[in-house]
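Visitor: Everything below, folded, please.
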Amino acid sequence: MPIQWLSALNESNRFLLLDGAAQLGIDLAPAACDRLLVYLAELMRWNRRINLIARNTDEKQAMESHFLDSLTLLPLLGRNDGAVHLLDVGSGAGFPGLVLACALPGVHFTLAEPRQKRASFLRHLIRQLGLPHVEVVVDRIESRATTWHGRFSHVTGRAVAEPDAFLRLIHPLTTPATKVILMLTREEALAHVEGIGTGFWRTVDSAHFILPFSRAPRFLAVVSSP
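Guide: Just a heads-up that it's a prediction; the model follows:
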């Protein structure tokens, strides 16, 4: 592909990213935008060899369904970078954890991904993007319940399990101070959260979004337990 075509393609993706983020009320710094565009290019390149996202996903779809969808968590993480350490359970190709790290390079992130090929992709990107506060752990969190208890300020996971199953899974890691961010499509999915697992989960914050291009609904809920 000619260099000028590549440049035009990058500018097109930059416009999509900035326009989509603006529609979501998110202001991206130029450096964050650059990191996310490199991330997108590497994702599409690696996806030809290993299964990171659906093979028929084009760049615009990936931008919205994976990158912009992940960025909706930004307002829920607060402004005190030093107090935030987010665990992304089953991070896969880095959604949402690595996307958030591109926007918040001073925040600590732990990406738990048991599949070695995907973990290799994540580590490659972390090196390329220069994100020293991001750690990849190739393991399932069930084996980390004791050592990780109370370690994280925030825990999330994208499409790992239904809310009740996800909360049961991560409950051993949490304390009353831990904020668990559930990524949902509709608020109705929270109907059975209270009383799940061994703790009483309560919603402490929430946010509704409409993705900018597909107009698909998204709902984020922050829950904690006493």
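Visitor: if we look at stretch 78-89, which residues are touching it?
Guide: Contact with stretch 78-89 is made by 77, 94, 96-98, 100, 104, 106-112, 141, 148, 151-158, 160, 166, 169-170, 173, as judged by CB atoms under 8 Å, 6 or more residues apart in numbering. Glycine gets a C-beta too; all of them are placed from N, C-alpha and C.
Visitor: let's go with 7 Å and repeat that
Guide: 77, 96-97, 100, 104, 106-112, 141, 151-157, 160, 170 (CB atoms under 7 Å, 6 or more residues apart in numbering).
Visitor: what about stretch 181-201, how long is it end to end?
Guide: Stretch 181-201 has an end-to-end distance of 12 Å (criterion: CA to CA, to the nearest Å).
Visitor: circling back: quick one: buried ones out of the contacts of stretch 78-89?
Guide: In these, burial by neighbour count holds for 77, 96-97, 100, 104, 107-112, 141, 151-157, 160, 170, counting by 16 or more other CB atoms under 10 Å.
Visitor: taking the contacts of stretch 78-89 one by one, which sit in strands?
Guide: Secondary structure from DSSP state E places His108, Phe109, Thr110, Leu111, Ala112, His154, Val155, Thr156, Gly157 of the contacts of stretch 78-89 in strands.
Visitor: Return the member of these nearest to Leu211.
Guide: Of all those, Thr156 has the smallest distance to Leu211: 17.6 Å, by CB to CB.
Visitor: For the residue lying closest to that closest one once chain neighbours are set aside, pull up the helix or strand it's in.
Guide: Leaving aside its sequence neighbours, Thr156 sits nearest to Ile181 (CB to CB, 6 or more residues apart in numbering; 4.1 Å). For Ile181, the element it lies in under DSSP states H and E is strand 179-184.
Visitor: what packs against that strand?
Guide: Of the remaining helices and strands, those touching strand 179-184 by 3 or more CB pairs under 7 Å, 6 or more residues apart in numbering; DSSP states H and E are strand 154-157, helix 163-170, strand 217-224.
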